[in-house]
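*Asks:* return atomic coordinates for the entry below.
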Amino acid sequence: MAQPDHAHADIGIVSALPIEMSAFLSRCERVRKYSDGGFVFRGGIYDGVKIAIAESKVGFARARKATEQLIQTHTPNWILSCGLSGALQQEMKCGDIVVGDSLVDSHGQEIRLDINLPADSENGLYVGRLLTSDEMVRTVDEKRSLAESTQAIAVDMESLAVAQIAKERQTGFMAIRAISDDMKTDLPAEILSIIGSTGNVRIGAAIGSVWKRPGSVKDLWYLRENANRATAQLANFLDGVIKQLSGK
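*Replies:* Numbers count the residues shown, from 1 in each chain. Here you go, the predicted model:
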């Protein structure tokens with residue numbers, strides 16, 4: 001008699017930062033945290049569905065490696081690239097959901113996805129092209145330029161990398177992002193030093209930014225509130241996605 005594969009997950013999720021999946025994880029049962037292959041993993045049960053989440057930290061190369069490790073260890077039927085993103089459309093608001101039907105980067109790479117999902121912008125659901133950027137896109141001017149040159153509707157730093165590995169391994173894939181910063185306001189410059197190149201939150205840099213510019217406290221608090229709002233909406237949307245993908 002075949003023994004059950006306890007490492008197997010029905011759905012694997014790759015996200016860069018812990019905050020991105022925190023609201024979703026709060027809805028899971030039997031959550032455990034562990035390290036494997038240099039990455040932090042969190043696993044749990046969501047409404048009877050086994051979930052494994054790989055925390056890749058920021059950037060293309062790390063996202064590829066984390067996805068490879070996730071598939072090798074947990075053999076999921078589906079891989080989702082989930083997390084926060086920046087709006088590249090004026091009408092988008094914090095908490096709106098973006099589902100990618102194609103993924104591009106600034107080097108000419110593109111993966112098209114067969115997504116049979118109608119957009120519903122009135123209720124905060126957008127379906128379209130997602131841009132994977134090499135660097136954090138912080139200013140409104142940068143976003144306008146990228147929207148023009150790529151025709152993308154939102155930007156993140158990992159989705160194309162995750163999609164490439166999923167395609168190579170012939171694993172089902174979706175990119176689902178929640179808007180955490182819109183096209184109206186620049187992100188505070190301090191964010192570049194606080195979130196280092198590896199995606200670690202650097203406490204010393206945060207304290208230093210407050211010392212140099214006391215007004216940054218308000219900006220960073222507002223950014224945190226937007227992230228919390230966006231991750232809550234992401235968790236709400238994932239409820240329906242996971243039930244549909246798992247058939248439960």
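*Asks:* center of the chain - which residue?
*Replies:* Gly83 (2.1 Å; CA atoms, centre = their mean).
*Asks:* phi first, then psi, for that residue.
*Replies:* As for Gly83, its main-chain torsions (degrees, to the nearest 10) stand at phi 150, psi -160.
*Asks:* mind checking how far the residue nearest to it when sequence neighbours are not counted is from Leu238?
*Replies:* Excluding the flanking residues, the one nearest Gly83 by CB to CB, 6 or more residues apart in numbering is Glu20, at 3.8 Å. For every residue, glycine as well, the C-beta is placed using N, CA and C. Here Glu20 is placed at a distance of 11 Å from Leu238 (CB to CB, to the nearest Å).
*Asks:* helices and strands around the top helix by length along the chain, which ones?
*Replies:* Taking DSSP state H as the criterion, the chain has its longest helix at helix 216-246. Packing contacts for helix 216-246, counted by 3 or more CB pairs under 8 Å, 6 or more residues apart in numbering; DSSP states H and E, involve strand 11-15, helix 22-25, strand 49-55, strand 78-87, strand 97-105, strand 172-181, helix 191-194, helix 203-212.
*Asks:* re earlier: need the residues touching each of Glu20 and Leu238.
*Replies:* Both Glu20 and Leu238 are contacted by Cys82, under the criterion CB atoms under 8 Å, 6 or more residues apart in numbering.
*Asks:* before we move on, back to that, which among the helices and strands packed on helix 216-246 is found nearest to Val162?
*Replies:* strand 78-87 (4.0 Å; CB to CB).
*Asks:* using the three-state scheme, assign the residue nearest to Gly83.
*Replies:* helix (DSSP: H, G, I helix; E, B strand; the rest coil).
*Asks:* quick one: least confident helix or strand in the chain?
*Replies:* Counting by mean pLDDT, DSSP states H and E, the chain has its least confident helix or strand at helix 203-212, which shows a mean of 40.
*Asks:* okay, now the unreliable bits of this protein?
*Replies:* 1-6, 188-223, 248 (pLDDT under 70).
*Asks:* report the contact partners of Ala163.
*Replies:* Going by CB under 8 Å, 6+ apart, Ala163 touches Ser81, Leu103, Ile111, Leu113, Phe173, Ala175.
*Asks:* for PyMOL, write the select line for the buried members of those residues.
*Replies:* Entered in PyMOL, the line below selects the buried ones among these, by 16 or more other CB atoms under 10 Å:
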select buried, resi 81+103+111+113+173+175
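*Asks:* now do the contacts for the closest residue to Met174 other than its chain neighbours.
*Replies:* By the measure of CB to CB, 6+ apart, the closest residue to Met174 outside its immediate chain neighbours is Leu80, 5.2 Å from it. Listed by CB under 8 Å, 6+ apart, the contact set of Leu80 reads Ile11, Gly12, Ile13, Val14, Phe173, Met174, Ala175, Ile176, Leu238, Val241.
*Asks:* using the three-state scheme, assign the spatially closest residue to the second one that is not a sequence neighbour.
*Replies:* If the residues on either side of it in the chain are set aside, Gly12 comes closest to Pro76, at 3.5 Å by CB to CB, 6+ apart. With three-state DSSP as the basis, Pro76 sits in coil.
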